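Enquirer: give the three-dimensional model of this entry:
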Amino acid sequence: MRITTSLLLVVLVVQVLLGKVCSTPMCSNQCCRFVERFPGRLRKLRYDYLQIRDFYESNNDLDTALLDQSVEESFRTPFACHAMNSILDFYLRTVLPTALSGITEDIRDLKPPMESIQQIFDELKREVNKCRKYFACQKQFDIINLNTTYNQLESKGVYKAMGELDILFNYIETYLASKRHRSHAVPL
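Expert: Next up is the predicted model:
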């Protein structure tokens with residue numbers, strides 16, 4: 001009876017280990033590894049955003065959406081990498097520098113999480129550009145409407161754009177998650 005129990009335990013342990021091996025993605029290149037590691041970066045982005053969200057949402061009294069349905073749809077196309085690249089560029093060149101320059105002594109505690117978001121966005125943009133073939137980037141995303149709306153909002157644009165970061169995180173997460181399915185391979 002004792003041998004049977006031990007044998008059964010060994011069989012269960014082997015099955016658990018094989019199950020983990022079979023469900024682990026087999027990444028053979030840097031782009032696949034980037035996609036697989038992105039959920040950790042996304043958790044950090046969401047954590048940093050929680051540190052600044054209340055400030056930007058309380059100062060955003062506009063009904064206009066920057067990251068509207070057309071942006072969401074662009075993230076669902078085979079060419080979403082261009083949408084992501086353009087929007088990251090918009091946040092890195094326009095929104096985040098404006099937000100950081102508006103930091104006063106009263107809200108100086110917002111600076112570290114904003115700098116962290118900026119750093120992760122910069123790394124993400126570099127990786128997307130490096131992995132253009134992996135993401136099958138072929139068609140440019142038209143960011144003109146987003147940029148025009150932002151500029152029309154004048155000084156309130158930064159509050160709107162920063163207040164919608166969580167929406168952008170969702171779009172990026174959905175897009176990169178779709179690439180994870182492509183990269184999973186089950187070894188035999």
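Enquirer: how near is residue 122 to residue 43?
Expert: Separation of residue 122 from residue 43 (CB to CB, to the nearest Å): 18 Å. Quick note: C-beta positions are derived from backbone N, CA and C, even for glycine.
Enquirer: how far is the helix or strand hosting residue 45 from where the chain is centred?
Expert: Per DSSP states H and E: residue 45 is located in helix 30-58. A distance of 6 Å separates the centroid of the chain from that of helix 30-58, by CA atoms, centre = their mean, to the nearest Å.
Enquirer: counting by contacts, list what that helix packs against.
Expert: Secondary-structure packing of helix 30-58 (3 or more CB pairs under 8 Å, 6 or more residues apart in numbering; DSSP states H and E): helix 111-130, helix 132-135, helix 157-163, helix 165-183.
Enquirer: how about those helices, which one is nearest residue 145?
Expert: helix 157-163 (13.5 Å; CB to CB).
Enquirer: least trustworthy helix or strand in the chain by mean pLDDT?
Expert: Among the helices and strands of the chain, helix 2-23 carries the lowest confidence by mean pLDDT, DSSP states H and E, at a mean of 49.
Enquirer: mind checking what secondary structure the closest residue to residue 164 other than its chain neighbours has?
Expert: Nearest non-adjacent residue to residue 164, counting by CB to CB, 6 or more residues apart in numbering: residue 67, 4.8 Å away. Put simply, residue 67 is coil when judged by DSSP: H, G, I helix; E, B strand; the rest coil.
Enquirer: what does residue 61 give?
Expert: Assignment for residue 61 (three-state DSSP): coil.
Enquirer: can you give me the neighbour number for it?
Expert: Residues near residue 61, counting by other CB atoms under 10 Å, number 9.
Enquirer: I figured it was touching residue 153, is that so?
Expert: No: the criterion here is CB atoms under 8 Å, and residue 61 misses it with residue 153 at 10.8 Å.
Enquirer: so after the helix holding residue 45, what's the next helix or strand?
Expert: Next along the chain from helix 30-58, counting by DSSP H and E, comes helix 69-74.
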